[in-house]
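J.: Quick one: sequence and predicted model below, then my questions.
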Amino acid sequence: MKNVWIVAKRDLGSFFNSPVFYCVTTVFLILYGFIFFNILNYFSFQSFQSHQLRGANIGLNLNEMVIEPSFQNMAVILLLIIPLITMRSFSEEKKSKTFALLLSSPIHLEEIILGKFLACMIVTGLMILLSGYSTGYLIFAGQPETGPILTGYLGILLMTGCYVAMGLFASSLTDNQIIAAVISFGLALFMWVIGWGAQSAGPVLGQVFEYLSLITHLEHFLKGLIDSSDLVYYFSFILFGLFLTQRVLESSRWR
Amino acid sequence: MIEVEQLSKSYGPREAIRNLSFQIEKGEVVGFLGPNGAGKSTTMNILSCIMPASSGSVKICGFDVFEQTLEIRKLIGYLPETPPLYSDMVVSDYLTFAARLRNVPSGKAQSAVEQAVEKCSLQDVSNRIIGRLSKGYQQRVGIAQALVHDPDILILDEPTIGLDPIQIIEIRKLIQDLASSHTIILSSHILPEITQICKRVIIISDGEIAAVDSLESLTTRLHKGERLILKVRQNDSDIIEKLRALNQVNTVVEQETGQFTIDCEPGSNIQETVAKLALDNNWGIVELKQASMTLEDIFLKLTLEEKEVTQ
């Protein structure tokens, strides 16, 4: 565990020293802020209208109309930018030959992978935390239910874990950061839309597709539901991604 | 301390090394010598547990490279061909990171880093970003990284590559200083370097060992006969004939006007005879000396002989 943190700490330092992190965070916050503002604007317009039409005391659901779509949009933006966070993890180490330092140190490959996973999670977690002003404002100005907000964040975090696991896997495949980003973006998008194939596939395969889709499992969390099957899905997704990464890195030592 | 037996490694169909066997004792400074692509780096990568061998065994301090990699990695400091430097890190942070990776407890990391900085004379740059340092300093940071946890064994892959002459001398001196307290394996394709630093040489050519021996015995072993160089002022045509007529002389070659290379039987000690002959004939002797084979000659001879055998 100590070794995991040593690896993670170095990666974090390198994140905070590089312009990539600040650039990505800025883009994320601007995009998310813009979307959040528009959703909120639409909501206040609607509630103003309904207020005028039907009189007072008919409050529209803040959770359903603002928070849920905000989270959904955040998940899409994260899909676009997490590959940019994870792309360097192994690619850069390979390219600049620094991976030899890690490989010749008395530390397990699994610890290296977990350390990198942790670093990426902390960085993305920080970005999500910075975007928390939106929900903070809603809690301050309105009366949303806090339960679905918390489960929503949990869902987003688990989803982020899946993106990061896929990103690390992609990064382990190549020493080219661009290729790593493209592969992990493609993988993430594919896992996102795989559910769309459910209709055209047969009933059994369709259900499988539906279950595999990243988005179907997020829906429950956004509604305030913690379903064990969703937890199992996300955790096994992350573990599988990290397992593949480990296999790729291990096998590349033999070549 | 290090026992290598029948070590082979192939990358796909290409064999990088074939059946290497050698031993290294504690406290030795051993040089790996070979042309580019001979398999030096591959061997070093296997010794430092970065890649597994295709077959054969390596035991370091009784631990098997294949089975007990973690124990071995604790004992080894490794400088790969390209120093594994994070160009965005500050030197002291980087060394602390390296120390912590190599199981130096966090309380002792600071002093370990300070020692490494001092050994490699990095005091002036310890607060600077690695990417901005000159190549020579970067190489030294690479060496500092390898010895920050005070390992028993140092494996240095071409530690002086790409440096200017002054930096090369500094690094050599550093390695010589380290030799007193560490077992060192270093590779190079630069011969004088090996002659200056190492007591024993392993010459690798085309993935196979061409020779393992101490420098002196290598030199004598390859001294198939002795060689004298005679310089005279006179330029008579019969000098060659007269020299050839001497006992125990095998060949005489006139390399340039008035300079002769005389190859004779081993242990014949004919300097006196040659000198006397020169004086008697009034050749005007300028110089008479024994030519010793440089490592360069040995290297060329060994690697070429090797090729002849395999062809």
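T.: The structure has been received and is ready for your questions. Residues are numbered from 1 along each chain as shown, chains lettered A, B, ... in the order given.

J.: roughly how far apart are residue B:242 and residue B:227?
T.: Distance, residue B:242 to residue B:227, by CB to CB, to the nearest Å: 18 Å. For the C-beta atoms, the positions are set from N, CA and C on the backbone; glycine is no exception.

J.: typed the wrong thing, it's residue B:10
T.: Distance, residue B:10 to residue B:227, by CB to CB: 41 Å.

J.: Check residue A:227 too.
T.: Taking CB to CB, one finds residue A:227 at 88 Å from residue B:227.

J.: Could you report the distance from residue A:139 to residue A:224?
T.: Residue A:139 is 15 Å from residue A:224, where distance means CB to CB.

J.: same question, residue B:213
T.: Taken as CB to CB, the span from residue B:213 to residue A:224 is 77 Å.

J.: Within range of chain A, give me the residues from the stretch 1-150 of chain B.
T.: Selection of the stretch 1-150 of chain B residues close to chain A by CB under 8 Å from any CB of the partner chain yields B:11-12, B:48-52, B:70-71, B:73-74, B:76, B:78, B:80, B:82-89, B:93, B:97-98, B:100-103, B:145.

J.: which among these end up buried?
T.: Among these, those scoring as buried are B:48-52, B:71, B:73-74, B:76, B:78, B:80, B:82-86, B:88-89, B:93, B:97-98, B:100-103, B:145 (criterion: 16 or more other CB atoms under 10 Å in any protein chain shown).

J.: Mind checking which of those residues are in strands?
T.: Using DSSP state E, the subset of these located in strands is B:76, B:78.

J.: ok, back up a step: between residue A:227 and residue B:227, who's got more neighbours?
T.: With neighbours defined as other CB atoms under 10 Å in any protein chain shown, residue A:227 and residue B:227 compare such that residue B:227 has more, 17 against 12.

J.: That one: what's its closest spatial neighbour, skipping adjacent residues?
T.: Once flanking residues are discounted, residue B:227 sits nearest to residue B:291: 4.3 Å by CB to CB, 6 or more residues apart in numbering or on different chains.

J.: next one: residue A:185
T.: Spatial nearest neighbour of residue A:185, chain neighbours left out: residue A:83 (4.4 Å); criterion: CB to CB, 6+ apart.

J.: Does the one you found touch residue A:179 like I think?
T.: No - shown here, residue A:83 and residue A:179 do not form a contact pair, counting by CB atoms under 8 Å, at 10.8 Å.

J.: For the two, list the residues in contact with both.
T.: Residues touching both residue A:83 and residue A:179 by CB atoms under 8 Å, 6 or more residues apart in numbering or on different chains: residue A:170.

J.: In terms of neighbours, single out the busier of these two.
T.: Neighbours were counted for residue A:83 and for residue A:179 using other CB under 10 Å; residue A:83 has more, 27 against 15.

J.: what's the domain layout of chain B?
T.: Per automatic domain parsing, the structural domains of chain B span B:2-220, B:224-290.

J.: now the helices for chain A?
T.: Remark: helices assigned in chain A by DSSP state H are A:2-17, A:19-54, A:62, A:68-86, A:88-95, A:99-103, A:109-130, A:133-141, A:146-173, A:177-193, A:203-212, A:214-222, A:228-254.

J.: Any chance of CSV for these, columns distance to residue B:176 and mean pLDDT?
T.: Below are the helices of chain A laid out as CSV (distance: least, CB to CB, whole Å; pLDDT from 0 to 100):
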stretch, distance to residue B:176, mean pLDDT
helix A:2-17, 32, 93
helix A:19-54, 43, 90
helix A:62, 74, 84
helix A:68-86, 45, 93
helix A:88-95, 32, 92
helix A:99-103, 25, 91
helix A:109-130, 35, 95
helix A:133-141, 61, 90
helix A:146-173, 40, 94
helix A:177-193, 41, 93
helix A:203-212, 62, 85
helix A:214-222, 59, 89
helix A:228-254, 33, 92
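
J.: Adding distance to residue B:162 as columns, could you present those helices in JSON lines?
T.: Shown next, in JSON lines, are those (distance: least, CB to CB, whole Å):
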{"stretch": "helix A:2-17", "distance to residue B:162": "25"}
{"stretch": "helix A:19-54", "distance to residue B:162": "29"}
{"stretch": "helix A:62", "distance to residue B:162": "64"}
{"stretch": "helix A:68-86", "distance to residue B:162": "33"}
{"stretch": "helix A:88-95", "distance to residue B:162": "18"}
{"stretch": "helix A:99-103", "distance to residue B:162": "17"}
{"stretch": "helix A:109-130", "distance to residue B:162": "28"}
{"stretch": "helix A:133-141", "distance to residue B:162": "51"}
{"stretch": "helix A:146-173", "distance to residue B:162": "29"}
{"stretch": "helix A:177-193", "distance to residue B:162": "25"}
{"stretch": "helix A:203-212", "distance to residue B:162": "51"}
{"stretch": "helix A:214-222", "distance to residue B:162": "48"}
{"stretch": "helix A:228-254", "distance to residue B:162": "26"}
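
J.: what does the stretch 151-255 of chain A put close to chain B?
T.: Contact residues (CB under 8 Å from any CB) of the stretch 151-255 of chain A with chain B: A:253, A:254, A:255.

J.: among the residues you listed, who's most crowded?
T.: The most crowded member of those, judged by other CB under 10 Å, is residue A:253 (14 neighbours).

J.: which ones are touching the residue lying closest to it once chain neighbours are set aside?
T.: Nearest residue to residue A:253 in three dimensions, chain neighbours excluded: residue B:51, at 5.1 Å (CB to CB, 6+ apart). Contacts for residue B:51 (CB under 8 Å, 6+ apart) come out as A:253, A:254, B:9, B:42, B:45.

J.: The fourth one: helix or strand, and which one exactly?
T.: The one in question is residue B:42. In the assignment (DSSP states H and E), residue B:42 maps to helix B:40-47.

J.: Other residues contacting stretch B:16-28?
T.: By CB under 8 Å, 6+ apart, the list of residues contacting stretch B:16-28 from outside reads B:1-10, B:30, B:39, B:42-43, B:56, B:152, B:182-185, B:199-200, B:202, B:204, B:207-209, B:212.

J.: Any buried residues in it, and which?
T.: Neighbour-count burial for stretch B:16-28 [16+ other CB under 10 Å]: B:16, B:17, B:18, B:20, B:22, B:24, B:28.

J.: I am finished for the moment; much appreciated.
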